[in-house]
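Asks: Just to be clear, the model below is a prediction. Sequence and coordinates:
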Amino acid sequence: MSSNLPRGLLALELLTRHPGGLPLHAIAAELRIPRSTAHRILAELVATGYVRQQDGDFSPYRLTLKVATLGMQFLSATGVVELVQPVLDRLAADSGELARMSIVENDRLIWVAKAQGARGGLRYDAQSDPGEDVRLFCSSNGQAWLSTLSDQKALEIASRQGFGEPAQFGPNAPRTIEAFLDCIRLARAQGYAIVHETYEIGLSAIAAPVLNPHSETAIGAVSIAGPEARMKHAEHLIPLIQSAARALSALSPGIRACGR
């Protein structure tokens, strides 16, 4: 698939944002290519085990676990997870919620590790896997990272990823450019981002950027996420997330070295 390699990669990236799958016509429309071309590309991805059609020729195309497996194998090989996991384990235990770390790579924010601190009752378990992109405009990790950039750069990166459809996200997700920029500016002023039911209904999260101590540029973000019922007032978690961000910042030379 040499001539269609870029389109094939774009198709994989598109399907990562739609775990329920997409029909052929939707994929062709999103990639702005003829349906016949999209069909050939998807047939090759099916043949190589990256995409599947579970219920026949007219069912949606879905990613297989092969893509996630590749990402997890790569992250394991880099040593990043082993480096940041103790900090996340401590943050999860202290907060009693889900702690997660994401890393910046080529204007993208990628999930790399997590730890669950909730031991019973209502709990939030992230459905995104290590190696997947963070949804930038409505997540605490995304807003925390983008807050370290200029408004123009933050909007450029978020727009490139896309804002999706309102039904795909929580009821409080920013719906206009100005609302999005207001979130970024507030996170920049505070030094952390708090979101309430923006990523999905019933979920709240708080995140802080992880900075390179020498350049002050963000190498990633760390977050605590949990049910809105428990995190409606998350101010008590601010010192915990700030402490974890500082600990990860101190590890940043090793994190970047692992990622090279």
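Replies: Thanks, I have it.
Asks: going forward, measure contacts and count neighbours with C-alpha atoms only.
Replies: Fine.
Asks: all helices for the chain, in order.
Replies: For the chain, helices defined by DSSP state H occupy the ranges 5-16, 24-31, 35-47, 65-78, 80-95, 140-146, 151-161, 177-190, 228-231, 238-250, 252-259.
Asks: Which residue lies nearest the spatial centre of the chain?
Replies: For the chain, the residue lying nearest the average C-alpha position, counting by C-alpha atoms, centre = their mean, turns out to be residue 134 (1.4 Å).
Asks: Could I get the pLDDT score of residue 84?
Replies: Looking at residue 84, its pLDDT reads 89.
Asks: hang on, isn't it packed against residue 248?
Replies: Yes - taking contact to mean C-alpha atoms under 8 Å, the distance of 6.9 Å between residue 84 and residue 248 places them in contact.
Asks: so where's the protein shaky on pLDDT?
Replies: Under the criterion of pLDDT under 70, the regions of the chain flagged as low confidence span 1-3, 56-57, 69, 71-79, 121, 127-129, 254-260.
Asks: the domain parsing of it - what is it?
Replies: What automatic domain parsing lists as the domains of the chain is 5-63, 71-259.
Asks: okay, the ones you listed, which one's buried deepest?
Replies: domain 71-259 (a mean of 19; mean count of other C-alpha atoms under 10 Å).
Asks: still on that earlier bit, put together a markdown table for the helices of the chain, with distance to residue 102 on each row.
Replies: What follows is the helices of the chain, written out as a markdown table (distance: least, C-alpha to C-alpha, whole Å):
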| stretch | distance to residue 102 |
| --- | --- |
| helix 5-16 | 17 |
| helix 24-31 | 27 |
| helix 35-47 | 28 |
| helix 65-78 | 12 |
| helix 80-95 | 10 |
| helix 140-146 | 7 |
| helix 151-161 | 16 |
| helix 177-190 | 17 |
| helix 228-231 | 21 |
| helix 238-250 | 11 |
| helix 252-259 | 11 |
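Asks: Nearest to residue 59, out of those helices?
Replies: helix 24-31 (8.6 Å; C-alpha to C-alpha).
Asks: who does that closest one touch, helix- and strand-wise?
Replies: Contact here means 3 or more C-alpha pairs under 8 Å, 6 or more residues apart in numbering; DSSP states H and E; on that basis helix 24-31 packs against helix 5-16, helix 35-47.
Asks: who touches that helix?
Replies: 7, 10, 11, 14, 34, 35, 37, 38, 39, 60, 61 (C-alpha atoms under 8 Å, 6 or more residues apart in numbering).
Asks: 7 Å - rerun?
Replies: By C-alpha atoms under 7 Å, 6 or more residues apart in numbering, the residues outside helix 24-31 that reach it are 34, 35, 38, 39, 60.
Asks: what's the closest non-adjacent residue to the fourth one?
Replies: Excluding the flanking residues, the one nearest residue 39 by C-alpha to C-alpha, 6 or more residues apart in numbering is residue 24, at 6.9 Å.
Asks: what do you get for the third one?
Replies: With C-alpha to C-alpha, 6+ apart as the criterion, residue 38 has its nearest non-adjacent residue at 5.5 Å, and that residue is residue 28.
Asks: now the last one
Replies: Excluding the flanking residues, the one nearest residue 60 by C-alpha to C-alpha, 6+ apart is residue 23, at 4.2 Å.
Asks: got the contact list for the one you found?
Replies: By C-alpha under 7 Å, 6+ apart, the contact list for residue 23 reads 59, 60, 61.
Asks: before we move on, what about residue 187?
Replies: 143, 144, 147, 193.
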